[in-house]
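Asker: whatever this is, show me its structure:
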Amino acid sequence: MVSVSQEYLRRFPPLADASDDALAEVERVGEIRTYEPGTVILHEDGTPATHLSIVRTGSVELVHDDDIIDVLEPGEAFGHPSLLTGLAPAFDVRAREETTCLVLPADHASELLAGPAGVRFVARSLRDRMVRTGYVAHAGGDVRNAKLGSLVHRPAAFCTPETTVADAARTMADADVSCVLVRLGDEFGLLTDSDIRARLVARGRGLDTPVSEVMTTPALTFAADRLAIDAMIDMLDLGIHHLPVLGADGVPMGVVTATDLLYLEGRTPFGLRRSIAHAPTREAVVEATSHLPATVVALIRAGVPATDVGRVVALAGDTTTMRLIDLAFEEIGPAEWEWAWIALGSTARREASLASDQDNAFAYADGADDDYFQRITTYVNSGLSDCGFGEDNAEVVARNPVWRKSRSGWREVFEACLEQPDRSHLVRAAVAFDFRHVWGGLEIVKPLVEIERTAHRHPDFIQRLARTATDIKVPLGFRGRVATTDDGRLDLKMGAIVPICNLARFHAISAGVTISSTLARLDAAEAAGGLDGETAAMLREAFEFCTRIRLEHQARQVSHGIRADNHLVPDEMPPLARAQLKAALRAIQDAQKQLARFVPLGL
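Answerer: You can find the predicted model right below:
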């Protein structure tokens, strides 16, 4: 028997709208079960569930093939898909920590879930899990098809035969590599850490010895398009540990080591996500996420669509956030109130890049201790920064009280954005209306979406929102030439991608559409009649093209050890790509001009 109040039971979504009689029955037949960390409560493809379980304290993981598909917090339920269908569970359900669950027998659970509130809960939870599983699947990669070139994550270091071993060692240390390539005309020599130990130090030779006397020559080189698995076999057969990789032009791209090959699976998005999720310390999380740029480079070189790569980056950010939240609770103490971590901006839209800012917010139950959650969010935000997820210059982060509010506080913010669309509220709406619930048991999405869905009833807000789509001038100059800064660069994010996102947001919200993905918004706005087919198609093509060339640009930068940014040099682009860029910018400009009825003064 459950000895808790009906008011407490109503905090759990499956029971929120239950009648007093139904809750009294829950108190009579329900029981509390406790699970130790690591306990598998339901087995994938095992015996069908016989109870509905609602997480009361702690958390459980939904696991498939060692990949964590989702984490359920207090208030969330499991077992109902199997219970209602009689089929085996689709996932392992495993206690993430010491966890207590409110457990209801099948007949009483079925009665609860048969009502309107129960049906809504089942539909929402199944949809959320299908979406989460889909995004995890998008993050997959096939190790068998990986090419050597995709494993190169640092440019090669070089020296000449006359270079002293001391200078060569300093070059290796500066480049953070374990070998240098020695230029020998059409061939290359190779000097490794082990060569220095075995051929120099062990033989008592001085550090002023020329590299030519201790290097391996000629070094065996491998083509970038060689399958990594085949190269691993060659490495084992030949007893070598460094594989210089040549591009199609015969120029070394870098050196792949035995360690790179042995940890090949970890370079896939699944492997990356797994290593982040299981990192035991904050330092280990930072180390695990350091492989994200190399993973993105590999995906780009493998021809994965840019939109899918954006999902991979966003999912890595989600996984990092969830692990840091876990660690924060371990260090600061567990939460006594419901909460929700919210992604904003490009991460919320799952359109992140290697140069994306860290945009996030936080919601907690009314009456909770804000000081406690300020400590939690500060820990997580600083951890994300250490992991390479840069902070927004405008401090759009959860530790900022402006972006950390109670559930009712967030409702007031969204309502004010529509009813008082001054500049500050408009800026807030442009950020906050692209939101996605990442983790936590607090139900925050439904109340905010209900408010956002009424935006089209506020003409003043809609008119001002249109300005966010037209106020950014497209960088097209005289005779349609791409306008650049004095150094010949173009900020592709601000000049093209943000204007498209703003246009998509405007057309979607004005049509009552609340989904956040830019392409999905354009599709939905077209279907709703708010955007003509040709304009929608042009904007979709422009967005996909600009997203792709931005990620390709960032992949090149990362491959050369340069920090990723959004600043391209149009004059260095191939002629066809440059023409496509101009066409994309014209499409954005034309779409902006169509909003003249909302912005009478023009652009």
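Asker: how about stretch 85-104: buried residues?
Answerer: The neighbour-count check on stretch 85-104 (16 or more other CB atoms under 10 Å) flags 89-97, 99-104 as buried. For glycine as for every other residue, the C-beta is placed from the backbone atoms N, C-alpha and C.
Asker: next step: those residues restricted to helices.
Answerer: Among those, no residue falls in helices (DSSP state H).
Asker: most widely separated two among these?
Answerer: 90 and 100 (23.5 Å; CB to CB).
Asker: if we can go back for a sec, nearest to residue 534 among the buried residues of stretch 85-104?
Answerer: Relative to residue 534, the closest of the buried residues of stretch 85-104 is residue 90; by CB to CB it sits at 42.0 Å.
Asker: assess the claim that the closest one and residue 78 are in contact.
Answerer: No: taking CB atoms under 8 Å as the definition, residue 90 is not a contact partner of residue 78, at 10.5 Å.
Asker: how deep is residue 219 tucked in, by neighbour count?
Answerer: 22 (other CB atoms under 10 Å).
Asker: can you tell me the SS state at it?
Answerer: What DSSP: H, G, I helix; E, B strand; the rest coil gives for residue 219 is coil.
Asker: once you drop chain neighbours, what's closest to it?
Answerer: Spatial nearest neighbour of residue 219, excluding adjacent residues (CB to CB, 6 or more residues apart in numbering): residue 190 at 3.7 Å.
Asker: and the helix or strand where that neighbour lies, what's buried?
Answerer: Assessed by DSSP states H and E, residue 190 sits inside strand 187-192. Residues of strand 187-192 classed as buried: 188-192 (neighbour count, 16+ other CB under 10 Å).
Asker: just stretch 314-332 next, same as before
Answerer: 314-328.
Asker: just the C-alpha atoms of stretch 57-67, please, in PDB.
Answerer: These are the backbone C-alpha positions of stretch 57-67, laid out as PDB (Å, rounded to 0.1, in the frame of the first residue of the first chain):
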ATOM      1  CA  THR A  57      13.200   8.900  -7.000                       C
ATOM      2  CA  GLY A  58      16.400   8.300  -8.900                       C
ATOM      3  CA  SER A  59      16.300   7.500 -12.600                       C
ATOM      4  CA  VAL A  60      16.300   4.700 -15.100                       C
ATOM      5  CA  GLU A  61      17.900   4.200 -18.500                       C
ATOM      6  CA  LEU A  62      16.300   2.800 -21.600                       C
ATOM      7  CA  VAL A  63      19.200   0.800 -23.200                       C
ATOM      8  CA  HIS A  64      19.600  -0.900 -26.600                       C
ATOM      9  CA  ASP A  65      22.900  -2.500 -27.700                       C
ATOM     10  CA  ASP A  66      24.700  -0.700 -24.800                       C
ATOM     11  CA  ASP A  67      23.400   2.600 -26.200                       C
END
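Asker: which residues touch stretch 324-340?
Answerer: Stretch 324-340 is contacted by residues 11, 57, 73-75, 96, 281-282, 285, 341, 362-365, 367-369, 372-373, 375-376, 379-380, 383-384, 437-444 when judged by CB atoms under 8 Å, 6 or more residues apart in numbering.
Asker: over it, what's the mean pLDDT, rounded is fine.
Answerer: If you average the pLDDT over stretch 324-340, you get 93.
Asker: can you give me the helices for the stretch 151-300 of the chain?
Answerer: 165-175, 193-195, 228-238, 258-262, 269-277, 282-289, 292-301 (DSSP state H, counting those that start in this stretch).
Asker: a markdown table for those helices, including mean pLDDT and distance to residue 246?
Answerer: Formatted as a markdown table, the helices of the stretch 151-300 of the chain follow (pLDDT from 0 to 100; distance: least, CB to CB, whole Å):
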| stretch | mean pLDDT | distance to residue 246 |
| --- | --- | --- |
| helix 165-175 | 93 | 18 |
| helix 193-195 | 90 | 21 |
| helix 228-238 | 69 | 12 |
| helix 258-262 | 67 | 16 |
| helix 269-277 | 77 | 26 |
| helix 282-289 | 93 | 29 |
| helix 292-301 | 83 | 14 |
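Asker: of all those helices, which one is nearest residue 449?
Answerer: In terms of CB to CB, the element of the helices of the stretch 151-300 of the chain nearest to residue 449 is helix 269-277, at 27.3 Å.
Asker: by contact count, what packs against the closest one?
Answerer: Packing partners of helix 269-277 (3 or more CB pairs under 8 Å, 6 or more residues apart in numbering; DSSP states H and E): strand 67-72, helix 282-289, helix 292-301, helix 306-332.
Asker: export those to TSV and tack on distance to residue 405?
Answerer: Output for those, formatted as TSV (distance: least, CB to CB, whole Å):
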stretch	distance to residue 405
strand 67-72	23
helix 282-289	26
helix 292-301	30
helix 306-332	18
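Asker: for residue 174, find the nearest of the ones you listed.
Answerer: Closest approach to residue 174 among these (CB to CB): helix 292-301, 19.2 Å.
Asker: show me what that closest one is packed up against.
Answerer: Counting by 3+ CB pairs under 8 Å, 6+ apart, helix 292-301 packs on helix 269-277, helix 306-332, helix 533-559.
Asker: ok, which of those helices comes nearest residue 491?
Answerer: Ranking these by proximity to residue 491 (CB to CB) places helix 533-559 first, at 10.3 Å.
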